[in-house]
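Visitor: coords below, sequence missing:
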């Protein structure tokens, strides 16, 4: 009996001990009570340490912190999931979060399993870019930054470094990730990068307003550099060696990253998987240190793409041993590895005398400096600046939802229109047939790198909800978006009964996405057959609405009079259904312009691995993008119609001649390098061009005005034409407005020679808006 009592007493004490222990262990709900941070003022053992002293410069604080770490502790900070250092009251940190077009469920830094269950999902970037409205881009990024900080304040974020934007050039229409970019033009990509970075990081639209470098959120421009192939014909991004000329690197691939750093002041850069001219991007010291840090003045951290360090040894064979890969990337200037490779092999690399201590410390100073700029070493973040950003006030707020709708509408591009077809009459449209695999789904709207949206409403649901006068009949048309099976007879039967027909077709993430490039440019499966069959049988010409990121060859529809209108809506985000419905019924006048060239199907004969931008007539290579491509097009870059008509006129141009001090070169082409001219001469040549834009129609509209420059000799070396400036203007019917563009010839008239040197060529440069041109004579004085 005594034994039994003793056992009972022991068991009771054990249960009591376990209960007390569990009481003091952090639970999931405890974690959600607040964001993780370091330098807790209530902890006397660490609050007095220099790295917690907010009066000291950040570089001093970060250096002090790094000096206190052991090698084992340092190694654990070199990967995206950085470990806590309890003895120094340093919290764990997750570097990998995503916010391409809204706070994303992808990455490891954000969870939607607490009080915050969703975030505003703005349009995929390719559609937002079609607005050509940098103020809109900035406002969207601002909203994303507010929601990102709100998630963190709610205790559902483990980091504040978001790996966006994607500012690679949409070089090839088959690229599965082209949807994430702002298109094919380097100037647009650079302007988008600057607007996004400034918006999300908490800067002003014009920049320069970050107090002491403090960040609301940290942006990361990716993928550095010449990265625009994922998986094509057996060639993957992991093994691809991009052969890029100095010329193309200088005036196509690098400018967006330079703008991101120099103008946007991005606090992060991600180096890409691929090699460039034999060297892995993350192991390229010339790229990461000499170019980004030394030439452009980058001040931030450089992350690898996920497992990009591992592939340098495991797949590319560039490094002989894992430790060599570690040494290569750290000595090149990379700071943090998305993955576990540096955690596994850095210590053994040091043991093998790779002489990495300086590089490790440099990397850690860069990393901790960012965390300090985010305010995560200043005590409880909820009591500091940005600590009052409340999830209930900003996430899925009316302002953000309205902005998502505005962004979706602003990007929609009208590619073809019979004026008697669109917009539909809200009073005279009695019946409407909605047909297609994208008509009654909202998932397609979100594209990739999405998060859980605030609300879901499909195109069909939006039409039925907001335009109740029309009786709608719906048929999916295809079994899936890939349309391996089409119910053509049933779709035709519904179409015959309706006054009007809208076919909602295109692509989705099963067809274009990360790790999956397309092999052709047509609509998938039986979509084309379904469209033409329905159009042939309908009472009136039909509307074709396309949801897709990359361009598709719809020449069959463009040339078919039974297809009266074509609309492109990209992947329009969670407000896409309403945006499309309002566009169809005239509550929105489409004004978007294509940010990419739409090529014919025959373009797929060009290998996707060919990185050359310039055409090569001797081999029949047609070149790439509107700047150099000399082949047939389905639709041009910058193309877009409206429900109204616009006209342009050059009102005044402050210069019609430019005189440059230069000399005729051996190849008989007269040009001078921008560096020879110098800053003073370049500044003295800046001039203004005023353009009058008139709305000659009967409907109010928002219209992006695109100013191009073209030369008569462009094509093989200099661009055929290039975008110089753009501005979005709102105009009521029969109203006009003057827009002033500032033109910098050293920036806007220059191109790279074969050595990658920016030069200006003698000749006539034509400024062009629409079909109106103004000549500028460029002459060299010898």
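Guide: The structure has been received and is ready for your questions. Note that the structure is predicted; figures quoted are calculated from it, not measured.

Visitor: So what does the residue nearest to residue 323 when sequence neighbours are not counted look like in phi/psi?
Guide: Leaving aside its chain neighbours, residue 323 sits nearest to residue 349 (3.8 Å; criterion: CB to CB, 6 or more residues apart in numbering). Every C-beta, even on glycine, is put in place using the N, C-alpha and C of the backbone. Backbone torsions of residue 349, given as degrees, to the nearest 10, read phi -70, psi -40.

Visitor: wait, what's in contact with residue 349?
Guide: The neighbours of residue 349, taking CB atoms under 8 Å, 6 or more residues apart in numbering as the test, are 322-324, 326-327, 356.

Visitor: Kindly report the same for residue 439.
Guide: Residue 439 neighbours (CB under 8 Å, 6+ apart): 458-460, 474, 476-477, 502, 504.

Visitor: Tell me which two in those residues are the farthest apart.
Guide: Across the contacts of residue 439, no pair lies farther apart than 458 and 477, at 14.3 Å, counting by CB to CB.

Visitor: the more surrounded of these two?
Guide: Neighbour count, other CB atoms under 10 Å: between residue 458 and residue 477, residue 477 has more, with 28 against 23.

Visitor: So which of the contacts of residue 349 belong to helices?
Guide: Judged by DSSP state H, those include 322-324, 326-327 as members of helices.

Visitor: quick one: which of the residues you listed has the most company?
Guide: Tallying neighbours with other CB under 10 Å puts residue 326 at the head of these, with 32 neighbours.

Visitor: Contact partners for it?
Guide: Applying CB under 8 Å, 6+ apart to residue 326 gives the contacts 309, 341-342, 345-346, 349, 354, 356.

Visitor: Now tabulate those in TSV and tack on distance to residue 131 and secondary structure.
Guide: Listed next are these as TSV, based on distance: CB to CB, whole Å; DSSP: H, G, I helix; E, B strand; the rest coil:
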residue	distance to residue 131	secondary structure
309	37	helix
341	40	helix
342	40	helix
345	46	helix
346	45	helix
349	48	helix
354	49	coil
356	46	coil
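
Visitor: What is the lowest-pLDDT residue among those residues?
Guide: Among the contacts of residue 326, residue 354 carries the weakest pLDDT, at 83.

Visitor: shouldn't that one be in contact with residue 327?
Guide: Yes - with contact defined as CB atoms under 8 Å, residue 354 reaches residue 327; the gap is 4.3 Å.

Visitor: Stretch 736-754: which residues count as buried?
Guide: 739, 741, 743, 745-746, 748-753 (16 or more other CB atoms under 10 Å).

Visitor: Check stretch 553-569 too.
Guide: Within stretch 553-569, the residues scored as buried using 16+ other CB under 10 Å are 553-555, 557, 560, 563-569.

Visitor: Check the separation of the first and last residues in stretch 420-429.
Guide: Stretch 420-429 has its terminal residues 13 Å apart, counting by CA to CA, to the nearest Å.

Visitor: Would you mind pulling the contact partners of that stretch?
Guide: Here stretch 420-429 makes contact (CB under 8 Å, 6+ apart) with 414, 432, 467, 469-470, 499-500, 540-541, 543, 564-565, 567, 583-586, 643.

Visitor: Make sure residue 430 is actually in contact with residue 470.
Guide: Yes - assessed by CB under 8 Å, residue 430 is found in contact with residue 470 at 6.4 Å.

Visitor: These two: which has the busier surroundings?
Guide: Counted by other CB under 10 Å, residue 430 and residue 470 do not tie: residue 470 has more neighbours, with 20 against 12.

Visitor: wait, that one sits on residue 432?
Guide: Yes - in this structure, residue 470 is within contact of residue 432 by CB under 8 Å, at 4.7 Å.

Visitor: what touches both of these two?
Guide: Residues within reach of residue 470 and of residue 432 at once, by CB under 8 Å, 6+ apart, are 424, 463.

Visitor: Helices of the stretch 401-550 of the chain, start to end?
Guide: 459-466, 488-497, 527-537 (DSSP state H, counting those that start in this stretch).

Visitor: Serialize those helices to a markdown table and add fields for mean neighbour count.
Guide: Listed next are the helices of the stretch 401-550 of the chain as a markdown table, based on neighbours: other CB atoms under 10 Å:
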| stretch | mean neighbour count |
| --- | --- |
| helix 459-466 | 20 |
| helix 488-497 | 17 |
| helix 527-537 | 20 |
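
Visitor: will you turn those into JSON lines that also has mean pLDDT and distance to residue 335?
Guide: Listed next are those as JSON lines, based on pLDDT from 0 to 100; distance: least, CB to CB, whole Å:
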{"stretch": "helix 459-466", "mean pLDDT": "97", "distance to residue 335": "44"}
{"stretch": "helix 488-497", "mean pLDDT": "98", "distance to residue 335": "55"}
{"stretch": "helix 527-537", "mean pLDDT": "98", "distance to residue 335": "46"}
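
Visitor: Can you tell me which of the contacts of residue 326 is nearest residue 712?
Guide: Using CB to CB, these come closest to residue 712 at residue 309, 48.4 Å.

Visitor: Now do the contacts for the closest one.
Guide: Per CB under 8 Å, 6+ apart, neighbours of residue 309: 282, 325-326, 329, 334, 337, 339, 341-342.

Visitor: Skipping adjacent residues, who's closest to it in space?
Guide: Leaving out its chain neighbours, the residue that sits closest to residue 309 by CB to CB, 6+ apart is residue 341, at 4.4 Å.

Visitor: right, and that neighbour touches residue 307 too?
Guide: Yes - under the criterion of CB under 8 Å, residue 341 makes contact with residue 307 at 7.2 Å.

Visitor: and these two? which has more neighbours close in?
Guide: residue 341 (24 against 17).

Visitor: What residues does that one make contact with?
Guide: 79, 307, 309-310, 322, 325-326.

Visitor: ok, 10 Å please
Guide: Neighbour list for residue 341: 78-79, 304, 307-314, 322, 325-326, 329 [criterion: CB atoms under 10 Å, 6 or more residues apart in numbering].
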